[in-house]
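1. Return atomic coordinates for the entry below.
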Amino acid sequence: MANQERNCGSLWPFYLGAIVLMVLLLVLAVLGLYHFFMPNSLPMLFGAIFLGSGMQRPRLRTKDVVMNGTLFLLLAVLPLVFQKAFPEQKQDTERLRIENGRIYQGGREYRQISFNKFDLWLQYLDQGWDHPRGKAKEDAKKAVQELCERGFGMNRTMSPFYAGWYEDVFFDEDPEKQAEERRQFFAATDEMLNDSSACGMHTILSLMWNIETLADLGHHSLHEGLTDPNSLGYQKFKEFAGAVASRYKNRPDVIVEIGNEWDLFADLQKPNGVFDIRGGMDCPDPNEREEVVCVGDRLSPGKIVRDKRNNFTSDELVAFQKRATEFIKSIDSDRLVTSGNAGPRQSAMHLFRSAKANEPSDWGHDNLKERRKYFEMMYVGSGIDIIQIHSYGDRNLAWYQDVARDLGAPLIVGEIGPSGGESRDFTYTSPTNIFQMERAFRVIKDSDIQVALVWAYGDDRVSNSKSPDFRIRDGYTDRFLLVAQQANKDLQTKERQK
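-> Numbering: from 1, shown residues only. The predicted structure is shown next:
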């Protein structure tokens, strides 16, 4: 897949050639008229007209033949040049689009069961928690090849996780260093997208996976980052999101996501705020003062807020997502945007009402009417194209699909996995979990959900190498991979049978 620069820059020779030929044509036309009105120099171009009217056949000279032959040749070639320079606009069969609340690709409904390879972007950037430096990209390319060979056509992946990681690869106070960082950043991202699209894979790019980054990049509270369009955190979000949107404006294989599960931080009203104090942070005692500003964090350098000013409400999140979506679409109006939201908690509406009333958190369970009202509040008028939920053992998938259909928007299950049960078993080698996933895949097909992405493929972090939880990889979870492959084929067969 060509990147944006090649898409936009490859036609300039044809534009230049067309302009040159038009100038030559104009000059020859003037010369033709000159010869027409000069005695004994009637151009061959007009000879047939005068022969047909009975006038005397003109005396042809060598220069007339050469000039008019050249003119006819240019007239014959010019349409071909214009056809190359301004090709007919054909429907792009790779780009996903939405019609009547459904996702389409090339005139047919798009359907896909695939995976989150959440650390893929970090690996191509040779960055992350503890991916083996120098080998990370090699592991990432292997994962893409494995997914492609098994016919999986979508991946969801994260941007840098912490504020410090953004500063490593995208932001720098030195303009020259920043320019070089961004050159390398987009070279790596281009390579990731090109490798993925080589087998027809679409990629969901999560622009700011970790919500705390919105606060820490601006060295202010999360509430300020969400609600103040002039805050430094939001300005840096716009700078990053705008650069990504501009770079990949012409790519048909990219969907953008605002962030991961930001909705699960809303309405909690925690006394010390929704962000924890990590080990190594130098912070005042939160029990002794209301405003807690920490320093010394290696993941988020500089001053960072860790107090109740990081609390926010669901309607404030909706306003932010609407503002962010409008900004992205101001750059690329055709780009599909999804929220990254996990979906409402069991107590979502109760928590929202108590937070808005500044009352103690109400963890009472919502009934279906309240859950639906909350779900509608999160999406109606938000500008988000694709509704997203995450499901781990949740049997309400069909209900969510019905509500999304009523709202006129497509639903994707951005994360799906086993519930773990009382044993907290999240392995994909467990017969119980494989059976649970088979059942979930049947619900997805029967409910007419178009996309579901399993969590998670090929977690290559060294620190997680001994944990079997949520680990999926060739040679390790082959039985489950065969189940997922068959479910993907069955889902796509359903579309062909419609």
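2. Flag every buried residue along whichever strand or helix holds Leu482.
-> Here Leu482 sits within helix 478-497, counting by DSSP states H and E. Across helix 478-497, burial judged by 16 or more other C-beta atoms under 10 Å covers Phe480, Leu481, Val483, Ala484, Ala487, Asn488, Leu491, Gln492. C-beta: built from backbone N, CA, C; applies to glycine.
3. With distance to Phe240 and pLDDT as added columns, please give those in JSON lines.
-> Putting the buried residues of helix 478-497 into JSON lines (distance: C-beta to C-beta, whole Å; pLDDT from 0 to 100) gives the following:
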{"residue": "Phe480", "distance to Phe240": "35", "pLDDT": "97"}
{"residue": "Leu481", "distance to Phe240": "34", "pLDDT": "97"}
{"residue": "Val483", "distance to Phe240": "37", "pLDDT": "97"}
{"residue": "Ala484", "distance to Phe240": "32", "pLDDT": "97"}
{"residue": "Ala487", "distance to Phe240": "35", "pLDDT": "97"}
{"residue": "Asn488", "distance to Phe240": "32", "pLDDT": "97"}
{"residue": "Leu491", "distance to Phe240": "34", "pLDDT": "96"}
{"residue": "Gln492", "distance to Phe240": "34", "pLDDT": "92"}
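4. chain center to stretch 217-232: distance?
-> Relative to the centre of its chain, stretch 217-232 is centred 23 Å away, using C-alpha atoms, centre = their mean, to the nearest Å.
5. Straight-line length of it, end to end?
-> 7 Å (C-alpha to C-alpha, to the nearest Å).
6. try stretch 264-283
-> End-to-end for stretch 264-283, by C-alpha to C-alpha: 25 Å.
7. which stretches of the chain form strands?
-> 96-99, 102-105, 108-109, 112-116, 154-158, 202-206, 254-257, 293-294, 304-305, 337-338, 387-392, 411-417, 451-455 (DSSP state E).
8. Can you tell me what sits against the last one?
-> In other words, strand 451-455. Here strand 451-455 makes contact (C-beta atoms under 8 Å, 6 or more residues apart in numbering) with 103, 110-116, 118, 154-156, 204, 390, 392, 410, 412-417, 437, 440-441, 444, 470, 472, 484.
9. Dump the strands of the chain to a markdown table, plus mean pLDDT and mean neighbour count.
-> Output for the strands of the chain, formatted as a markdown table (pLDDT from 0 to 100; neighbours: other C-beta atoms under 10 Å):
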| stretch | mean pLDDT | mean neighbour count |
| --- | --- | --- |
| strand 96-99 | 95 | 16 |
| strand 102-105 | 96 | 18 |
| strand 108-109 | 94 | 14 |
| strand 112-116 | 97 | 25 |
| strand 154-158 | 97 | 25 |
| strand 202-206 | 98 | 23 |
| strand 254-257 | 98 | 24 |
| strand 293-294 | 97 | 20 |
| strand 304-305 | 98 | 26 |
| strand 337-338 | 98 | 23 |
| strand 387-392 | 96 | 23 |
| strand 411-417 | 97 | 25 |
| strand 451-455 | 97 | 25 |
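10. looking at these, which is closest to Val169?
-> strand 154-158 (12.9 Å; C-beta to C-beta).
11. quick revisit: could I get the strands of the chain as CSV with distance to Asp126?
-> CSV is the format used below for the strands of the chain (distance: least, C-beta to C-beta, whole Å):
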stretch, distance to Asp126
strand 96-99, 29
strand 102-105, 32
strand 108-109, 38
strand 112-116, 20
strand 154-158, 15
strand 202-206, 18
strand 254-257, 21
strand 293-294, 28
strand 304-305, 25
strand 337-338, 27
strand 387-392, 28
strand 411-417, 25
strand 451-455, 24
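12. Out of those, flag the one nearest Leu226.
-> Short answer: strand 304-305, nearest of the strands of the chain by C-beta to C-beta, at 12.7 Å.
13. For that closest one, which strands pair with it and how are they oriented?
-> strand 293-294 (antiparallel) (DSSP bridges).
14. Now do the strand it pairs with: everything it contacts.
-> Ile277, Met281, Asp282, Cys283, Pro284, Lys303, Ile304, Val305, Arg306.
15. What subset of those residues is buried?
-> By 16+ other C-beta under 10 Å, these give Ile277, Met281, Cys283, Ile304, Val305, Arg306 as buried.
16. Please name the spatially closest residue to the fifth one (chain neighbours excluded).
-> Closest residue in space to Val305, ignoring its immediate chain neighbours: Ser221 at 4.5 Å, by C-beta to C-beta, 6 or more residues apart in numbering.
17. I'd like the distance between the one you found and Ser314.
-> 17 Å (C-beta to C-beta, to the nearest Å).
18. Please identify which of the two sits among more neighbours.
-> Ser221 (27 against 23; other C-beta atoms under 10 Å).
19. Going by distance to Tyr162, which of the contacts of strand 293-294 wins?
-> Out of the contacts of strand 293-294, the member with the shortest distance to Tyr162 (by C-beta to C-beta) is Ile304, at 10.4 Å.
20. which ones are touching the residue nearest to that closest one when sequence neighbours are not counted?
-> In this structure, Ile304 finds its nearest non-sequential neighbour in Asp216, 4.8 Å apart by C-beta to C-beta, 6+ apart. Neighbouring residues of Asp216 by C-beta under 8 Å, 6+ apart: Tyr162, Ala163, Gly233, Ser300, Gly302, Ile304.
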